[in-house]
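K.L.:
Need coordinates for the following:
(one chain, ligands or ions: 1)
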Amino acid sequence: MTELDPHNYPEGFKAGFASFVGRPNAGKSTLTNALVGQKIAITSSKPQTTRHTIRGIVHRPDHQLVLVDTPGLHRPRTLLGQRLNDLVATTLSEVDVVGFCTPADEPIGPGDRFIVEQLSRLGRTPVVALVTKTDKVNHEQLGTHLLEVEKLGDEVLGGQGFAAIVPVSALKGHQVQSVDEVLTKYLPDSPPLYPAGELTDEPEMVLIAELIREAALEGVRDELPHSLAVVVEEINAREDRPADSPMTDIYAFLYVERPSQKAIIIGKGGAHLRGVGQRARANIEKLLGTKVYLDLRVKVAKEWQRDPKQLGRLGF
Ligand SMILES: Nc1nc2c(ncn2[C@@H]2O[C@H](COP(=O)(O)OP(=O)(O)OP(=O)(O)O)[C@@H](O)[C@H]2O)c(=O)[nH]1
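P.N.:
Numbering: from 1, shown residues only. Purely as a prediction, here's the structure:
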């Protein structure tokens, strides 16, 4: 990685913000990770795991692209859904370019149209279509999908349609570079916005909560898809540790809506919760680079998805 000093950067340097939107599961987090080159956003095979705006930062010698990973844009159903959509709208009005992600292996549907309609209200912000997961289709299918995407852009975005259409496979690393180049075209001339080496500005607490939530949902997603919230209460560096072997103590609560869900999270004889602790700890140790002691408590918070006070307390 090239060291960049905010006061001393190459002439013509560009820096700015981009955001990926698309239906749940469209591949936004995976693309963010592929661009940044390290696991930052949380990916999963089930929709709507990304609740927070997590930024990945792409550092290159001549530009810096700050990615804002938004939750799946969708029609609001619960209050939580409404908050997510507000978050998406606020985020999108502040970025330099939007990447609309649509998976190559799924037909363009009403969900895509709904999202592009929302994007058409953004005014001057350019929208680039990113056709994701191209490794899952053959050339012919890809061609058909690209034409459909073009048609959608022309119909909904008016005269110009999408600013560009780029096929990409984040999983195979195919065309990831092109996505970076196309998005960078729309960034303003600017000094670097973040120091080199910084990959995300999301507070550690939120990243850790996401890692615990991801571990907790493993194996029980069908039973608890949206009923789980994780709050990290405390992160402390353990005192009296040798300098070459630091340890971090982390205390977190897992909130579910019903006692039956608490039983699922804890599992028979505590087996599920033990597994959650082990999986989450391994990932948190990678994130922090220290050994971790993880204390997890499960609590029932009824109907938290619909209660504004609870939502505020849980950080939404
Ligand atoms: N084959 C293939 N699978 C992919 C690719 N990109 C993402 N996926 C898979 O698609 C699923 C969803 O990917 P995510 O990156 O979590 O999707 P997302 O849009 O961030 O999802 P939400 O957080 O629900 O909005 C995961 O199982 C990924 O492994 C790709 O390029 N090729």
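
K.L.:
Look at residue 92 and say how many residues are nearby.
P.N.:
A count of nearby residues for residue 92, using other C-beta atoms under 10 Å, gives 21. Yep, even glycine has a C-beta here, placed from its N, CA and C like the rest.

K.L.:
Quick one, grab the pLDDT at it.
P.N.:
Residue 92 carries a pLDDT value of 72.

K.L.:
got it, and residue 314?
P.N.:
pLDDT, residue 314: 53.

K.L.:
Repeat that for residue 136.
P.N.:
Value for residue 136, per-residue pLDDT: 97.

K.L.:
ranges for the strands of the stretch 51-200 of the chain?
P.N.:
Using DSSP state E, counting those that start in this stretch, the strands of the stretch 51-200 of the chain run over residues 54-60, 63-69, 97-103, 127-132, 164-167.

K.L.:
Report the rounded mean pLDDT for the third one.
P.N.:
In other words, strand 97-103. Rounded mean pLDDT across strand 97-103 is 94.

K.L.:
okay, now the closest residue to the ligand within the stretch 101-250 of the chain: neighbour count?
P.N.:
Distances between the stretch 101-250 of the chain and the ligand by C-beta to the nearest ligand atom are smallest at residue 171, namely 3.4 Å. Residue 171 has 16 neighbours, counted by other C-beta under 10 Å.

K.L.:
Contact partners for it?
P.N.:
Listed by C-beta atoms under 8 Å, 6 or more residues apart in numbering, the contact set of residue 171 reads 30, 34, 133, 135.

K.L.:
Ok, residue 27 next?
P.N.:
Under the criterion of C-beta under 8 Å, 6+ apart, the contact list for residue 27 reads 101, 103, 132-133, 170.

K.L.:
among the strands of the stretch 51-200 of the chain, which is nearest residue 246?
P.N.:
Residue 246 lies closest, by C-beta to C-beta, to one member of these: strand 54-60, at 24.9 Å.

K.L.:
Stretch 218-233: how far from the chain's middle?
P.N.:
17 Å (C-alpha atoms, centre = their mean, to the nearest Å).

K.L.:
Next: stretch 102-117.
P.N.:
19 Å.

K.L.:
what's the span of that stretch, first residue to last?
P.N.:
14 Å (C-alpha to C-alpha, to the nearest Å).

K.L.:
And residue 258, what's its pLDDT?
P.N.:
For residue 258, the model assigns a pLDDT of 86.

K.L.:
Settle this for me: it is touching residue 298, isn't it.
P.N.:
No. Using C-beta atoms under 8 Å, residue 258 is not in contact with residue 298, being 11.6 Å away.

K.L.:
which one of these two has more residues nearby?
P.N.:
Set residue 258 next to residue 298 and count neighbours by other C-beta under 10 Å: residue 298 wins out with 19 against 14.

K.L.:
Am I right that the more buried one sits in a strand?
P.N.:
Yes. Counting by DSSP: H, G, I helix; E, B strand; the rest coil, residue 298 is located in a strand.

K.L.:
pretty sure it is touching residue 252, no?
P.N.:
No. With contacts defined as C-beta under 8 Å, residue 298 does not count as touching residue 252, sitting 10.1 Å away.
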